[in-house]
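Undergrad: What would the 3D arrangement of this be:
(3 chains)
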Amino acid sequence: MKIVASQIELETGEGIALHNLMADIKREVLDAGVNNGFVTVTSQHTTTAITINEYEDRLLEDMRIFLQRLIPPSDHYLHNDIELRDCPPDEPENAHSHLAAMLLGSSEVIPLVAGELVLGQYQSVILCELDGPRRRRVSIQVYGE
Amino acid sequence: MKIVASQIELETGEGIALHNLMADIKREVLDAGVNNGFVTVTSQHTTTAITINEYEDRLLEDMRIFLQRLIPPSDHYLHNDIELRDCPPDEPENAHSHLAAMLLGSSEVIPLVAGELVLGQYQSVILCELDGPRRRRVSIQVYGE
Amino acid sequence: MKIVASQIELETGEGIALHNLMADIKREVLDAGVNNGFVTVTSQHTTTAITINEYEDRLLEDMRIFLQRLIPPSDHYLHNDIELRDCPPDEPENAHSHLAAMLLGSSEVIPLVAGELVLGQYQSVILCELDGPRRRRVSIQVYGE
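TA: Next up is the predicted model:
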């Protein structure tokens, strides 16, 4: 069984920004030369998440609006009292981004059969930036034969 | 290492409907003849999700009520302005279903040890239909020895 | 390919309590002697979840407050009408804990490259107790070479 590990880096958008990872994932699968197995996609940050859904502009905007209403950035959060924490004074006030990341989850698994990712017609693997813009890393691992 | 890929299809219930996948998953594990490894269960739609929890009627109804209150179908969503999107005019107005799917997640991994799924006594793997009724596909992949 | 299955047990805190699993996971990876592959961490209960985020005291308290506001334990839930269910009369009234578990998810996958877990600097794998205190089991499986 082959295990091919790779990382991609990307510059994300402002605030909550959703980035389509499909081109990167398909390239890594092709480069790995694996036909049957699975792919893991994991974010390496605590204010990003990985989700699978339709990459449609108006839906992405609905998601941004929904998350901002569910976890308002302007609410008071203990994590944002930077002066009360043992950390550098320039830490961002981003508790809402952490909470959204926990709800959305930071890993997804996609089966790989006969060289194709097992995803529905409208499914895209999406990096959810929740505190952008930043330079971010996503791990794409391909396992199989 | 063996990799056995399968898909099941099912007709789902109205609106939000939770379907127990345990019988299907156990059958696929048995058919695969794998004793140690893991199983991935992934939904192939953008308005369904996979979750693991107790399959108890009144709790399932609590989940339906909770999701409808958290993401009201009657709210305005940009994705539901079908006439403003580049898509067929008969697309369903189901933004709330997509948002719920993103929160719940579309894949779960279950370890397999000595022929048994590593799940607690009350845990069932559940397909969450979020915009039913529809004909749906779920992928069950078994990996191991 | 090696598959090393293990379980840890821990006594959790009161109500919603977040427990850092990193020391346990690192020990299991070391004991397994696997350098490249992946680790699955799965909870075996319907009122716990696994998440990956920053293990910072004030953020953990924000998470507790957020979940209690999102899914108030004092609301009425059908699952809590114990006398209307076919179950022992001393079942806990914990529907809110089940709902939170479904939102947070019960499995995470972490790639393993050159003996190291592929996690960002601030990422910790966390067991979310949602109905503590209890004695809980978490499965840690290590797969690879």
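
Undergrad: Mind listing the residues bridging to A:Val39?
TA: Beta-bridge pairing of A:Val39 under DSSP bridges involves A:Ile110, A:Val142.

Undergrad: give me the number of residues near it?
TA: Neighbours of A:Val39 under the rule other C-beta atoms under 10 Å in any protein chain shown: 24. In short, each C-beta sits where N, CA and C put it, glycine included.

Undergrad: swap in the one 10 residues further on?
TA: Summarising burial for A:Ala49: neighbours were counted as other C-beta under 10 Å, giving 27.

Undergrad: Excluding residues flanking it in the chain, which one is nearest A:Ile52?
TA: B:Ser106 (4.7 Å; C-beta to C-beta, 6 or more residues apart in numbering or on different chains).

Undergrad: now A:Ala17
TA: Spatially, and ignoring its direct neighbours in sequence, A:Ala17 is nearest to A:Glu129 (4.2 Å; C-beta to C-beta, 6+ apart).

Undergrad: dump the residue contacts of the one you found.
TA: A:12-13, A:15-19, A:47-48, A:136 (C-beta atoms under 8 Å, 6 or more residues apart in numbering or on different chains).

Undergrad: Can you flag the buried ones in the residues you listed?
TA: The neighbour-count criterion (16 or more other C-beta atoms under 10 Å in any protein chain shown) marks A:12, A:16-19, A:47-48, A:136 among the contacts of A:Glu129 as buried.

Undergrad: Name the nearest of those relative to B:Gly144.
TA: Within those, proximity to B:Gly144 (C-beta to C-beta) peaks at A:Thr48, which comes in at 30.8 Å.

Undergrad: isn't that closest one right next to A:Cys128, touching?
TA: Yes: the pair A:Thr48 / A:Cys128 is scored as a contact, 6.1 Å apart, by C-beta atoms under 8 Å.

Undergrad: Need the overlap of contacts for those two.
TA: By C-beta under 8 Å, 6+ apart, the residues touching both A:Thr48 and A:Cys128 are A:Ala101.

Undergrad: now the buried ones among the contacts of A:Glu129 in a markdown table, with secondary structure and pLDDT?
TA: Formatted as a markdown table, the buried ones among the contacts of A:Glu129 follow (DSSP: H, G, I helix; E, B strand; the rest coil; pLDDT from 0 to 100):
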| residue | secondary structure | pLDDT |
| --- | --- | --- |
| A:Thr12 | coil | 98 |
| A:Ile16 | strand | 98 |
| A:Ala17 | strand | 98 |
| A:Leu18 | strand | 98 |
| A:His19 | strand | 98 |
| A:Thr47 | coil | 98 |
| A:Thr48 | strand | 98 |
| A:Arg136 | strand | 98 |
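
Undergrad: would JSON lines of these with distance to B:Leu59 be doable?
TA: What follows is the buried ones among the contacts of A:Glu129, written out as JSON lines (distance: C-beta to C-beta, whole Å):
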{"residue": "A:Thr12", "distance to B:Leu59": "37"}
{"residue": "A:Ile16", "distance to B:Leu59": "31"}
{"residue": "A:Ala17", "distance to B:Leu59": "35"}
{"residue": "A:Leu18", "distance to B:Leu59": "31"}
{"residue": "A:His19", "distance to B:Leu59": "35"}
{"residue": "A:Thr47", "distance to B:Leu59": "32"}
{"residue": "A:Thr48", "distance to B:Leu59": "31"}
{"residue": "A:Arg136", "distance to B:Leu59": "37"}
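
Undergrad: Identify, from the residues you listed, the entry nearest to chain B.
TA: Lowest distance from chain B to the buried ones among the contacts of A:Glu129 (C-beta to the nearest C-beta) belongs to A:Leu18, with 9.7 Å.

Undergrad: coming back round to it: isn't the residue nearest to A:Ile52 right next to B:Thr47, touching?
TA: No: using C-beta under 8 Å, B:Ser106 is not in contact with B:Thr47, being 10.3 Å away.

Undergrad: Now do the end-to-end distance for stretch A:100-112.
TA: For stretch A:100-112, the first and last residues are 29 Å from each other (C-alpha to C-alpha, to the nearest Å).

Undergrad: of all the buried ones among the contacts of A:Glu129, which comes closest to C:Met102?
TA: Closest approach to C:Met102 among these (C-beta to C-beta): A:Thr48, at 21.8 Å.

Undergrad: residues contacting the closest one?
TA: Taking C-beta under 8 Å, 6+ apart, one finds A:12, A:101, A:106, A:127-131, A:136 in contact with A:Thr48.

Undergrad: element containing A:Ala49, please.
TA: strand A:48-53 (DSSP states H and E).

Undergrad: by how many degrees do the helix or strand hosting A:Val41 and strand C:48-53 diverge?
TA: Element membership for A:Val41 (DSSP H and E) is strand A:37-43. Between strand A:37-43 and strand C:48-53, the angle comes out at 60 degrees (axes from the mean of the first three to the mean of the last three C-alpha atoms, to 10 degrees).

Undergrad: A:Ser74: neighbouring residues, count only.
TA: Around A:Ser74 there are 6 residues (other C-beta under 10 Å).

Undergrad: buried sites along the lengthiest helix in chain A?
TA: Using DSSP state H, we find that the single longest helix of chain A is helix A:57-70. Buried residues in helix A:57-70, counting neighbours by 16+ other C-beta under 10 Å, are found at A:58-60, A:62-67, A:70.

Undergrad: Show me which residues of chain A are close to chain B?
TA: A:1, A:36-38, A:51-54, A:56, A:58-59, A:61-63, A:65-66, A:70, A:103-105, A:108-111, A:113, A:118-120, A:122-123, A:144-145 (C-beta under 8 Å from any C-beta of the partner chain).

Undergrad: Produce a ChimeraX select command limited to the buried residues of those residues.
TA: Buried residues among the residues of chain A next to chain B (16+ other C-beta under 10 Å), as a ChimeraX selection:
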select /A:36,37,38,51,52,53,54,56,58,59,62,63,65,66,70,103,104,105,108,109,110,111,113,118,119,120,123,144
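
Undergrad: picking that back up, dump the buried residues of helix A:57-70 to a markdown table, plus pLDDT.
TA: Shown next, in a markdown table, are the buried residues of helix A:57-70 (pLDDT from 0 to 100):
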| residue | pLDDT |
| --- | --- |
| A:Arg58 | 96 |
| A:Leu59 | 97 |
| A:Leu60 | 97 |
| A:Asp62 | 98 |
| A:Met63 | 98 |
| A:Arg64 | 98 |
| A:Ile65 | 98 |
| A:Phe66 | 98 |
| A:Leu67 | 98 |
| A:Leu70 | 98 |
